[in-house]
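Trainee: next one to model:
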Amino acid sequence: MRLLEHEVKAILSEAGIPVPRGRVARTPEEAREVARELGVPVAVKAQVPVGKRGKAGGIKLASTPEEAEEAARAILSMEVWGHRPESVLVEEAVRVGAEHYLGTILDRSARRMVLMTTPYGGMDVEESAALHPEAMARVEVNPLVGLAQFQVRKLAWNISRDPEVAKQLAGVISAFWDLVERYDLLMAEINPLAVTEDGRVLALDARAEVDDNSLFRHPQFSRRAHSTNPRERMAEEAGVTYVELDGDVGTMANGAGLAMATMDLVAEAGGRPANFCDVGGGASAKAVEAAMRVITSNPRVRVVLVNALCGITSGEDVARGIAGAVSSLGLSPDALVVRLEGFRAEEGAKILREAGIG
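Mentor: Next comes the predicted model:
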């Protein structure tokens, strides 16, 4: 589950990590009142579970309460990377001296969480990391030992050699790691982790993702409509594993390994996969049709590649699901490429031909 910025900042503040003063508003009028309470200027920020909101117009500065109201009205009526905000965070604008980065992610190959810092934070942190790879400090955290103080100091000194600032950063990093463990986070980042002109360290923006398997331990993070991409939520309800990417070639396969290999083949051929989609090893026609519905509801998708190696799954069931989706959704057969191999694949191919596919 991906948390919204205001939810992440609530747990950061609870752990003693400084954040700007602010409050959530769900209407333009409420945003105006929050801006009046805080004093201006303020930042009005779309609450959606994605990054790069500023580049999509999802963050606006306001110098008066009336400007905050208009900014909130504009943000609440737009889509930010495929998500329609249901609320905005109105918070005090901060005079920033420098922007840094603190983040963690699960390294599945090492089977450990990795903590990272760089002095080059802000909106284009990925580009900065590519230009200055030597500036990225990275430590693996042994789950049996935990985060050691020498690792904390290494990460803090990588950002700043000012003793007072480094001391504040060390406190932030230690508290940040405590939250990662306490809330079973698979990914978290503070970006930018700012040092203000008067030398204070503040978490200006933050993201986090909670392990779905641990949600029973965190009832405060109950599943909400805005916690995932709407298509990912639709897939979850249908029992299909679906992760949306930024390409335009939809993919579907029966089995996670085959699904990943299919995406690799698309990329190797010069295409850009629009998603990862695994309907499972024993997928029914209903599951295949539901997966097709999810994939083709993405407006970026131009063509769908279905790669099915049938063993437990019947080729007939896969074909019926595809044919059903074409019929019910009015899909063009020309926008489909289907590979069927294995159990009852010939019978499945016949069903597809009769449906005008292939």
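
Trainee: need the contact list for the residue nearest to His83 when sequence neighbours are not counted.
Mentor: The shortest distance from His83 to any non-neighbouring residue, by C-beta to C-beta, 6 or more residues apart in numbering, is to Val48 (3.9 Å). Bear in mind the C-beta positions are built from the backbone N, C-alpha and C, glycine included. Val48 is in contact with 4, 58, 80-81, 83-85, 226, counting by C-beta atoms under 8 Å, 6 or more residues apart in numbering.

Trainee: quickly note the distance from Val48 to Val24.
Mentor: Taking C-beta to C-beta, to the nearest Å as the criterion, Val48 is separated from Val24 by 13 Å.

Trainee: next: Val44.
Mentor: 11 Å.

Trainee: hmm, Met292 and Val240 touching each other?
Mentor: No. Val240 is beyond contact range of Met292, at 9.8 Å (criterion: C-beta atoms under 8 Å).

Trainee: quick one, which of these two is more surrounded?
Mentor: Ranked by neighbour count (other C-beta atoms under 10 Å), Val240 and Met292 place Met292 first, with 27 against 23.

Trainee: export the least confident helix or strand in the chain by mean pLDDT to PDB, keeping only CA atoms.
Mentor: Among the helices and strands of the chain, helix 125-131 carries the lowest confidence by mean pLDDT, DSSP states H and E, at a mean of 78. In PDB, the C-alpha atoms belonging to helix 125-131 read as follows (Å, rounded to 0.1, in the frame of the first residue of the first chain):
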ATOM      1  CA  VAL A 125      17.000  13.400  -8.100                       C
ATOM      2  CA  GLU A 126      17.200  10.500 -10.500                       C
ATOM      3  CA  GLU A 127      19.100  12.600 -13.100                       C
ATOM      4  CA  SER A 128      21.300  14.000 -10.400                       C
ATOM      5  CA  ALA A 129      22.200  10.500  -9.200                       C
ATOM      6  CA  ALA A 130      23.100   9.500 -12.700                       C
ATOM      7  CA  LEU A 131      25.300  12.600 -13.200                       C
END
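
Trainee: now it: buried residues?
Mentor: 125, 128-129 (16 or more other C-beta atoms under 10 Å).

Trainee: from Glu140, how far out is the residue nearest to His83?
Mentor: Val48 is 31 Å from Glu140, where distance means C-beta to C-beta.

Trainee: the more surrounded of Val44 and Val24?
Mentor: Val44 (29 against 20).

Trainee: how about the contacts made by the more buried one?
Mentor: 31, 35, 59-62, 68, 71-72, 75, 88-90.

Trainee: what helix or strand is it located in?
Mentor: Assessed by DSSP states H and E, Val44 sits inside strand 42-46.

Trainee: strands paired with that strand, and their directions?
Mentor: Sheet pairing of strand 42-46 (DSSP bridges) gives strand 59-62 (antiparallel), strand 88-92 (antiparallel).

Trainee: okay, those, which one's buried deepest?
Mentor: Most buried of those by mean neighbour count (mean count of other C-beta atoms under 10 Å) is strand 88-92; its value is a mean of 25.

Trainee: just how off-centre is that one within its chain?
Mentor: Centre-to-centre, strand 88-92 and its host chain are 21 Å apart (C-alpha atoms, centre = their mean, to the nearest Å).

Trainee: and for stretch 118-138?
Mentor: Going by C-alpha atoms, centre = their mean, the spacing between the C-alpha centre of stretch 118-138 and its chain's C-alpha centre is 19 Å.

Trainee: name the spans of this structure whose pLDDT lies under the cut-off.
Mentor: 222-228 (pLDDT under 70).

Trainee: tell me which residue is most central in it.
Mentor: Computing the C-alpha centroid of the chain and ranking residues by C-alpha atoms, centre = their mean puts Val50 first, at 5.0 Å.

Trainee: now the phi/psi pair for it, please.
Mentor: phi -140, psi 160 (degrees, to the nearest 10).

Trainee: now Phe276
Mentor: phi -110, psi 130.

Trainee: how much space separates Ala31 from Pro49?
Mentor: Distance of Ala31 to Pro49, given as C-beta to C-beta: 20 Å.

Trainee: go on, Arg233?
Mentor: Counting by C-beta to C-beta, the gap from Arg233 to Pro49 is 11 Å.

Trainee: more crowded one of those two?
Mentor: Taking neighbours as other C-beta under 10 Å, Arg233 and Pro49 compare with Pro49 leading, 21 against 17.

Trainee: leaving out sequence neighbours, find the closest residue to that one.
Mentor: Pro49's closest residue in space is Arg2 (C-beta to C-beta, 6+ apart), at 3.7 Å.

Trainee: Met123 too?
Mentor: Once flanking residues are discounted, Met123 sits nearest to Gly54: 5.6 Å by C-beta to C-beta, 6+ apart.

Trainee: tell me how many other residues surround the one you found.
Mentor: Neighbours of Gly54 under the rule other C-beta under 10 Å: 16.
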